[in-house]
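**Student:** just coords:
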């Protein structure tokens, strides 16, 4: 059950899914002894696990979640791309 924003420095409680962004990742238990190189029999026993995470409305405008099989789920800055001819990319040069 998701209770708070996935950003550890935020912690806003989840009240409505419409305010924020929901993430879903397929995960494995990193402490499981068979995660190194499971045999065919072990693969058959391992079930698919899906975990859900939520970023609040404020955090999801600046961050996203990333899943790394070794490190797990991480909060990373959201990369925004600015087009070369967009108003955001224009700079004003000082007048001489």
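**Tutor:** That came in fine, so what should we check first? Just so it is clear, the structure is predicted and the values come from calculations on it, not from any experiment.

**Student:** okay, and for the chain, where does confidence drop off?
**Tutor:** 28-48, 80-96 (pLDDT under 70).

**Student:** And the closest residue to residue 49 other than its chain neighbours, how far from residue 9?
**Tutor:** Distances taken as C-beta to C-beta, 6 or more residues apart in numbering place residue 27 nearest to residue 49, at 5.4 Å, with adjacent residues excluded. C-beta: built from backbone N, CA, C; applies to glycine. Distance from residue 27 to residue 9, counting by C-beta to C-beta, to the nearest Å: 22 Å.

**Student:** More neighbours: which of the two?
**Tutor:** Shown here are residue 27 and residue 9; by other C-beta atoms under 10 Å, residue 27 has more neighbours (14 against 7).

**Student:** Pretty sure residue 52 sits against residue 21.
**Tutor:** No. Between residue 52 and residue 21 there is no contact under C-beta atoms under 8 Å: 11.2 Å.

**Student:** who has more neighbours, these two?
**Tutor:** The residue with more neighbours, out of residue 52 and residue 21, is residue 21; 17 against 11, by other C-beta under 10 Å.

**Student:** Okay, and the beta partners of the more buried one?
**Tutor:** residue 55 (DSSP bridges).
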